[in-house]
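Q: here are the coordinates; sequence isn't available:
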């Protein structure tokens, strides 16, 4: 009951999930994801819709950022970019593992993700980025073979 009172008024878990990629310390990220798991699986009367939707949105946004960075031709700040990409990849993996666990445990998670619109235009945009990324890899591979 305390969770519902606090989350409905202040959205603390949702805000922590929204800020998830900005935390550099894993000691903050892990408890946030564990709290999400607990809220979704351990509380009887819960309202986990908003935190779940935020977690799914953040996951898609991170994946989109990774794909866009991999598709860009910019060579400026490659070292910095690689550090950011590595951090984003770790964040995506952590969120993916949590969402996967929740999908296996609770049917409500799937409903929340579908209702948040992640399988509509966002999925189409995401797949376009995947297609573009794959096209670039093929082009790079073909140009490397041509030079050999």
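A: Perfect, thanks for sending it. Source: prediction; values computed, not measured.

Q: hmm, who's touching stretch 15-34?
A: 13, 35-36, 51, 54-55, 58, 62, 87-88, 91, 94-95, 98 (Cβ atoms under 8 Å, 6 or more residues apart in numbering). C-beta here means a position set from N, CA and C on the backbone, and glycine is covered the same way.

Q: could those residues go into a markdown table alongside distance to residue 132 and neighbour count?
A: Shown next, in a markdown table, are those (distance: Cβ to Cβ, whole Å; neighbours: other Cβ atoms under 10 Å):
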| residue | distance to residue 132 | neighbour count |
| --- | --- | --- |
| 13 | 34 | 21 |
| 35 | 36 | 17 |
| 36 | 31 | 25 |
| 51 | 31 | 25 |
| 54 | 27 | 21 |
| 55 | 26 | 28 |
| 58 | 22 | 18 |
| 62 | 17 | 22 |
| 87 | 22 | 14 |
| 88 | 18 | 17 |
| 91 | 22 | 22 |
| 94 | 25 | 18 |
| 95 | 23 | 23 |
| 98 | 28 | 20 |
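
Q: what is the end-to-end distance of stretch 98-111?
A: End-to-end span of stretch 98-111 (Cα to Cα, to the nearest Å): 16 Å.

Q: what's the average pLDDT for that stretch?
A: Stretch 98-111 shows an average pLDDT of 85 in the prediction.

Q: likewise stretch 38-58?
A: So the average pLDDT for stretch 38-58 ends up being 84.

Q: what are the contacting residues of it?
A: By Cβ under 8 Å, 6+ apart, the list of residues contacting stretch 38-58 from outside reads 1, 3-4, 7-8, 11, 13-14, 17-18, 20-21, 36, 95, 98-99, 102, 105-106, 108-109, 112-113, 115-116, 118.
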